[in-house]
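In: Here's my sequence, what's the structure:
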Amino acid sequence: MEFICEADSNPNTNVARLAPIQPVYLYGRLVSARLPTRAKRAVSCTSAHQRQPDASRAMAGAEQQLRSFVEVPAGSHFPIQNLPFGVVRRRGSRAPPRPAVAIGDLALDLAAVADAGLFDGPALAGSPCFHQETLNMFLEMGRPAWKEARATLQKILSADEPVLRDNEALRSKCLVPMSDIEMVLPITVGGYTDFFCSVHHARNCGFIFRGPQTPVNPNWFHLPIGYNGRASSVVVSGTDVIRPRGQGHPTGNSSPYFGPSQKLDFELEMAAIVGPGNELGKPIDINNAEDHIFGLALMNDWTRDIQAWETIPLGPFLGKSFSTTISPWIVTLDALKPFTCEAPKQEPEPLPYLAEKNHVNYDIPLEVWIKPKDQSDASIVAKTNFKHLYWTVTQQLAHHTINGCNMRPGDIFATGTLSGPEPESLGCLLELTWNGQKEIPVGNSTRKFLEDGDEVILTGCCKGEGYNIGFGTCTGKVLPALP
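Out: Sure thing, here's the model as predicted:
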């Protein structure tokens, strides 16, 4: 298979050329941009109905008909078709955080819904899962409970259902304005693994560091490459990131030095959230892997130059363990079903344990914005799509467990940097600037790498027929290194 990659050794071909754009905000957070028509055409995707198999097309049609009594702003990431899960705390309250779903500009308190006896199905009736401070107990219950919860929530929020719509007292207990809550990390992360599954990212990095002879190592096309990251430094969106310190090594025979990262970078990734785990020694079958994945979240795997000197021979350490930011809302695979699309063809064919009957990705347009320290608006610097992922999330999970490794509810495994084939679809500054050889425009300034005070905003949103399935935002601001 020939991979079309716009990147080459000439840095002039690898710089995003998207002009600064006025931001659009949702409940005070930047979530999308009004792109010029020309930019839209350059990265347009087929429509939901054009790209789907019959089953997904039928589901998309059914989802399109859903309406809620909750007023959902036009263009919202969180209509009744989505209902992403998170954990919220009411501002000024000393009460512990509680699970919730997002609907428009409101959060639906799931503990309050449970207290009202509205979860009355066989999986959730009487369950304490929504009275926990994380989603882990709910994740462990598996797909029957997830589907039951989704069906119940869509029913009680629908325009034709009076149980919440006509009960003002219950409504006020259950529905809370987003402006009155703060988001917390929705899961207890026991384990975190980062993969390297975008062929465009792999090829570009190979060009930059090894040259055009063998930009992608031969093993890359036979298995999803990954490493175990640091779970303790996974943080929720909005958490500041202190510029890390570590060792660097100039080219040549100079001695290594210690100091702040000089090439701090973002990496646009997505995190898959594990539901039911597997027993130690018992791998997850590739064709059952989807039932072990609750949903997806945006992820910024902050990174860069510190890892260069330390990586050989065991891989990155300090360069990857200082902060990993995930978005607060987890979008379920059920909500994403209408947006399934064919995954890239794999050649050579994968080994049998990685050969899946349903080889699909999700059509999720993704964006990266940077708000410079001295500017009031954010500017878009990259647009890509989850559908370009070479190794699917189900293949990643099956490979992760094939040796008997046990996964647990709330574990995270991430895709690696999500780059596409176009110059503007590169998922990190390393690629966008060709390792600092070129600057990219960011509002009224330029960047090679991140500066102190810069805020990075990731966002993603599937475009349905009359509704969106969005992820909100994943943000973090760079603070100066410690003295």
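
In: which stretches of the stretch 1-150 of the chain aren't confidently modelled?
Out: Applying pLDDT under 70 to the stretch 1-150 of the chain picks out residues 1-61.

In: just so I have it, where are all the helices in it?
Out: With helices called from DSSP state H, counting those that start in this stretch, the stretch 1-150 of the chain shows them at 37-42, 48-51, 54-64, 110-115, 136-140, 143-157.

In: which intervals of the stretch 301-450 of the chain have sub-threshold pLDDT?
Out: For the stretch 301-450 of the chain, no range has pLDDT under 70.

In: Give me the number of neighbouring residues for residue 214.
Out: 9 (other Cβ atoms under 10 Å). C-beta here means a position set from N, CA and C on the backbone, and glycine is covered the same way.

In: I meant to write residue 254 there.
Out: 9.

In: Next one: it from residue 246, what distance?
Out: To residue 246, residue 254 is 16 Å away according to Cβ to Cβ, to the nearest Å.

In: May I have the distance across stretch 381-400, first residue to last?
Out: 32 Å (Cα to Cα, to the nearest Å).

In: Then stretch 222-230?
Out: End to end - Cα to Cα - stretch 222-230 spans 26 Å.

In: Let me know the average pLDDT across that stretch.
Out: Averaged across stretch 222-230, the pLDDT comes to 96.

In: Only the buried residues of that stretch, if you could.
Out: 223, 224, 225, 226, 229, 230 (16 or more other Cβ atoms under 10 Å).

In: Ok, stretch 252-263 next?
Out: Of all the residues in stretch 252-263, those buried under the rule 16+ other Cβ under 10 Å are 260, 261, 263.

In: Let me see the residues that make contact with it.
Out: Stretch 252-263 is contacted by residues 243-250, 304-306, 309, 319, 430, 436, 448-449, 480-481 when judged by Cβ atoms under 8 Å, 6 or more residues apart in numbering.

In: which residues does the residue nearest the centre of the chain bridge with?
Out: In the chain, the residue lying closest to the centroid (Cα atoms, centre = their mean) is residue 298, at 1.9 Å. In this entry, residue 298 is beta-bridged to residue 270, by DSSP bridges.

In: pretty sure residue 206 belongs to a strand, no?
Out: No. According to DSSP: H, G, I helix; E, B strand; the rest coil, residue 206 belongs to no strand; its state is helix.

In: OK, contacts around it?
Out: By Cβ under 8 Å, 6+ apart, the contact set of residue 206 is 214, 215, 216, 217.

In: show me the contacts for residue 229.
Out: Residue 229 sits next to 192, 193, 194, 301, 320, 321, 324, 414 when contact means Cβ under 8 Å, 6+ apart.

In: Between those residues, which sits nearest residue 84?
Out: residue 414 (17.7 Å; Cβ to Cβ).

In: Pretty sure the closest one sits against residue 192.
Out: Yes. Using Cβ atoms under 8 Å, residue 414 is in contact with residue 192, at 7.5 Å.

In: what is in contact with those two at once?
Out: 229, 324.

In: Return the member of the buried residues of stretch 222-230 nearest to residue 64.
Out: Among the buried residues of stretch 222-230, and counting by Cβ to Cβ, the member closest to residue 64 is residue 224, at 34.1 Å.

In: quick check, that closest one in a helix?
Out: No. If the criterion is three-state DSSP, then residue 224 is coil and not within a helix.

In: gap between it and residue 94?
Out: With Cβ to Cβ as the criterion, residue 224 and residue 94 are 44 Å apart.

In: can you pull the contacts of the residue nearest to residue 260 when sequence neighbours are not counted?
Out: Residue nearest to residue 260 in three dimensions, not counting chain neighbours: residue 481, with 3.6 Å by Cβ to Cβ, 6 or more residues apart in numbering. When contacts are counted by Cβ under 8 Å, 6+ apart, residue 481 touches 242, 243, 244, 245, 259, 260, 261.

In: Let's have those in JSON lines, adding secondary structure.
Out: Below are those laid out as JSON lines (three-state DSSP):
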{"residue": "242", "secondary structure": "strand"}
{"residue": "243", "secondary structure": "coil"}
{"residue": "244", "secondary structure": "coil"}
{"residue": "245", "secondary structure": "strand"}
{"residue": "259", "secondary structure": "strand"}
{"residue": "260", "secondary structure": "strand"}
{"residue": "261", "secondary structure": "coil"}
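
In: Determine which two of those are furthest apart.
Out: In these, two members sit farther apart than any others by Cβ to Cβ. They are 242 and 259, at 13.9 Å.

In: Can you give me the end-to-end span of stretch 300-317?
Out: End residues of stretch 300-317 are separated by 17 Å (Cα to Cα).

In: Equivalent analysis for stretch 415-429, please.
Out: Using Cα to Cα, one end of stretch 415-429 lies 17 Å from the other.

In: again with stretch 284-303
Out: One end of stretch 284-303 sits 30 Å from the other (Cα to Cα).

In: next one: stretch 450-467
Out: With Cα to Cα, one end of stretch 450-467 sits 34 Å from the other.

In: Over to stretch 354-362?
Out: 18 Å.

In: next one: stretch 189-198
Out: 24 Å.

In: Kindly report the same for stretch 462-471.
Out: In stretch 462-471, first residue to last residue: 9 Å (Cα to Cα).

In: how about the nearest residue to residue 393 once chain neighbours are set aside, what does it touch?
Out: Distances taken as Cβ to Cβ, 6+ apart place residue 272 nearest to residue 393, at 4.6 Å, with adjacent residues excluded. Residues counted as contacts of residue 272 (Cβ under 8 Å, 6+ apart) are 293, 295, 296, 393, 396, 397, 412, 413, 414, 415.
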